[in-house]
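*Asks:* Starting from these lines, generate the structure:
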Amino acid sequence: MKIIPVNQGTPEWLALRAKHHTASEAPAVMGASKYLSRSDLMKQKATGITEEVNGAKQALFDRGHAAENGARTILEEILGEALYPVTVVCEETNLLASLDGLTMMGDVVFECKLWNEGLAKQVQEGELDPHYYWQLEQQLLVAQAEKVIFVTSDGTREKFASMEYCAVPGRAEQLIAAWHQFSADLETYKPVAEEVKPIGRTPETLPALHIEVTGMVTASNLAEYKAHALAVFAGINRELVTDAQFADAEKTVAWCKDIESRLAAAKQHALSQTASIDDLFRTIDDISAEARTTRLELDKLVSSRKDTIRAEAVLDGRNALDDHIATLNQRIGRALMPQVAHDFAGVIKGKRSVKSMADAISAELARTKIAANELADKITLNLRAINDQADFGFLFSDVATLVLKEPEFVAMSVKNRISEHMAKEAARVEAERAQIAEQERAKAQATERARADAEIAAATAKARAEAHAQAQADADAKRAIDEVIAKAREQDYMAKIDASRMMHNASGQPPVATMKQAPVCEIAQTEDTSETTSPLSPPTLRLGQICERLGFNLTADFMRRLGFEPAATDKASKLFHENDFPRMCAALVRHIQQVSQGVAA
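*Replies:* Okay, the predicted model is just below:
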């Protein structure tokens with residue numbers, strides 16, 4: 001706020017007002033003024049021409065100033081502090097407010113209006129018309145005060161009513177937007193010639209109809225009257241565009257009706273004088289019918305043309321709004337502007353003149369442009385917040401609806417969507433990493449299993465080869481033992497024969513009868529071709545089972561001497577590995593062979 005040291009009413013003050021948007025003009029800008037339309041205000045601002053103050057209006061101003069001074073004194077007594085008239089401006093917005101009073105602290109504004117009963121009722125009820133509260137909103141905005149004490153008074157205590165008015169949230173923003181749009185429209189303003197308020201006129205007055213009848217028509221200008229009347233009817237304008245033409249047509253309708261009435265009266269007068277005369281009445285009827293036809297035609301034409309002009313005015317307003325929205329879409333860079341609510345048809349209801357309709361359309365167009373500008377600003381801000389995250393544009397496929405939300409909501413939505421996407425992406429990457437790790441573990445396990453299986457297969461093959469070699473060695477050893485035993489038995493048999501012969505030779509007795517050679521003990525030569533069990537198999541072969549298979553008893557100590565230590569003990573039973581049985585047999589054969597060789601030696 002900046003205080004301008006000028007006295008209200010001075011030329012300096014008037015010059016200052018001409019350069020700024022004043023609080024008293026705020027209702028007109030908002031289309032709510034009772035005395036000044038938005039179009040008229042724009043013309044004043046563009047041309048600098050204002051309405052001259054005549055004596056009656058000056059007297060009204062003087063009464064208002066006197067009432068203001070008296071009301072200020074009364075309010076100062078109520079508040080207990082002084083109120084100072086002051087003019088303040090806001091340079092950022094180019095807004096001005098001439099205050100009837102301001103407290104020293106600058107927190108309370110005083111505004112006074114001349115007393116009238118209707119306004120007093122509003123003050124008493126605490127509800128002001130827009131014609132008043134828009135001025136108060138601008139005063140609070142420029143003065144940065146807390147409240148306005150609004151008074152209506154004639155300067156006396158008997159007629160003094162007051163109320164407190166505080167700024168309503170959102171109205172200040174609407175007012176600033178309205179002034180902004182007004183300034184934009186002012187730059188492209190083109191003066192329009194002022195139309196004189198149409199009064200309307202009737203067609204050329206027809207001559208007085210003179211008829212005298214005395215059983216017959218003795219004197220009449222009826223033929224001339226008809227010709228003249230028909231010519232006048234034919235010359236009546238049927239093209240209605242301006243307010244003046246509408247006024248002419250409406251007045252002509254009344255004039256035609258008057259002609260009909262006068263003709264009917266003339267006819268009745270003639271009838272009252274004498275008997276009817278066919279030509280006279282027929283002529284009168286023709287003129288009357290033409291007057292009636294013209295009247296009805298013009299009446300319908302006036303109504304139809306007014307409807308057409310209303311429709312054209314509404315259509316012009318809509319087209320202008322569409323053009324403005326198209327311009328905003330170009331500014332945004334994308335067609336994101338929604339349809340802006342408007343009521344061009346509603347604002348011209350009850351408007352009888354073309355000018356009043358044009359003013360109403362202009363005010364509604366300004367209101368909708370302001371609303372469209374606010375939407376465009378919101379869309380631009382929200383779109384910038386979304387475009388700043390260019391790497392995540394795929395998250396905002398609903399941009400057309402999202403940008404219409406409040407900026408705080410959009411900013412939070414952008415943040416949340418990106419956070420959720422990053423979390424999902426991190427989870428996806430982690431899942432892929434875990435899957436790859438699992439695949440690597442499975443691959444390593446498969447490799448390890450293959451290696452282990454190969455080692456097991458190699459060990460098994462080696463064990464089988466060793467078992468086969470051992471079995472072959474055991475078979476060879478068994479054959480050797482059999483041969484040794486057979487040879488030993490043969491040698492023993494031959495020794496016995498030789499001994500018998502020697503005994504015979506010595507005793508002179510005949511030799512003992514030849515003994516039949518004893519058969520060689522045939523040891524079953526069986527080769528264990530069954531697969532050996534794995535050396536890692538658990539010990540399950542009991543010592544008793546070994547003895548049962550061999551057909552003779554063995555002791556655990558004897559088995560130890562053969563090199564087979566019991567692998568486990570089950571109660572009193574000694575347990576050996578099943579795959580050691582072939583080697584046990586081979587060890588027994590070797591043991592028997594060694595014993596046989598020892599005996600033979």
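
*Asks:* Break this structure into its domains for me.
*Replies:* 2-187, 211-361, 541-600 (automatic domain parsing).

*Asks:* Next, count neighbours for Thr156.
*Replies:* 12 (other C-beta atoms under 10 Å). All C-beta atoms are positioned from the backbone trio N, CA, C, and that covers glycine.

*Asks:* Could you confirm it falls within a helix?
*Replies:* No: Thr156: not assigned to a helix; according to DSSP: H, G, I helix; E, B strand; the rest coil it is coil.

*Asks:* how many neighbours does the nearest residue to it once chain neighbours are set aside have?
*Replies:* Closest residue to Thr156 apart from its sequence neighbours, by C-beta to C-beta, 6 or more residues apart in numbering: Gly70 at 6.6 Å. Counted with other C-beta under 10 Å, residues neighbouring Gly70 total 18.

*Asks:* could you say what helices and strands the helix or strand that Gly70 is a member of packs with?
*Replies:* Using DSSP states H and E, Gly70 sits in helix 55-79. Under the contact definition 3 or more C-beta pairs under 8 Å, 6 or more residues apart in numbering; DSSP states H and E, helix 55-79 sits against strand 108-114, strand 147-153, strand 160-165.

*Asks:* can I get those in a markdown table with mean neighbour count?
*Replies:* What follows is those, written out as a markdown table (neighbours: other C-beta atoms under 10 Å):
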| stretch | mean neighbour count |
| --- | --- |
| strand 108-114 | 22 |
| strand 147-153 | 23 |
| strand 160-165 | 17 |
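
*Asks:* still on that earlier bit, same list as before, the domains of the chain that is, but in JSON lines and with distance to Ala390 and mean pLDDT included.
*Replies:* Formatted as JSON lines, the domains of the chain follow (distance: least, C-beta to C-beta, whole Å; pLDDT from 0 to 100):
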{"stretch": "domain 2-187", "distance to Ala390": "31", "mean pLDDT": "91"}
{"stretch": "domain 211-361", "distance to Ala390": "14", "mean pLDDT": "79"}
{"stretch": "domain 541-600", "distance to Ala390": "75", "mean pLDDT": "86"}
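
*Asks:* Any chance of TSV for these, columns distance to Lys424?
*Replies:* Listed next are these as TSV, based on distance: least, C-beta to C-beta, whole Å:
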stretch	distance to Lys424
domain 2-187	39
domain 211-361	28
domain 541-600	60
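
*Asks:* Val399 is nearest to which of those?
*Replies:* Evaluated with C-beta to C-beta, the domains of the chain place domain 211-361 nearest to Val399, the distance being 7.5 Å.

*Asks:* Run the chain-centre distance for the closest one.
*Replies:* 53 Å (C-alpha atoms, centre = their mean, to the nearest Å).

*Asks:* And for stretch 539-550?
*Replies:* The answer for stretch 539-550 is 87 Å, by C-alpha atoms, centre = their mean.

*Asks:* repeat for stretch 560-576
*Replies:* On C-alpha atoms, centre = their mean, the centre of stretch 560-576 falls 85 Å from the chain's centre.

*Asks:* repeat for stretch 409-429
*Replies:* 15 Å.

*Asks:* ok, the residue most central in space within the chain - contacts?
*Replies:* Centroid-nearest residue in the chain: Leu402, 2.7 Å away (criterion: C-alpha atoms, centre = their mean). If you count contacts by C-beta atoms under 8 Å, 6 or more residues apart in numbering, Leu402 has them with 382, 386, 396, 410, 413.

*Asks:* Ok, Met163 next?
*Replies:* So Met163 contacts 123-124, 126, 128, 149-150 (C-beta under 8 Å, 6+ apart).

*Asks:* And Glu76, how close does it get to Thr103?
*Replies:* Distance of Glu76 to Thr103, computed by C-beta to C-beta, to the nearest Å: 10 Å.

*Asks:* List phi and psi for the residue nearest to the centre of the chain.
*Replies:* phi -70, psi -40 (degrees, to the nearest 10).

*Asks:* For this structure, which helix extends over the most residues?
*Replies:* Counting residues, the longest helix found in the chain (DSSP state H) is helix 407-507.

*Asks:* next helix or strand past it?
*Replies:* Next along from helix 407-507, by DSSP H and E: strand 541-542.

*Asks:* helices or strands up against that next one?
*Replies:* Identification of packing neighbours for strand 541-542 by 3+ C-beta pairs under 8 Å, 6+ apart yields strand 573-576.

*Asks:* quick one: contacts of the next helix or strand after the strand it packs on?
*Replies:* Note on strand 573-576: by DSSP H and E, the next helix or strand toward the C-terminus is helix 581-600. Contacts with helix 581-600, where a contact means C-beta under 8 Å, 6+ apart, come from 467, 470-471, 473-474, 477-478, 480-481, 484-485, 488, 491, 528, 532, 541, 546, 549-550, 559, 562-564, 576.
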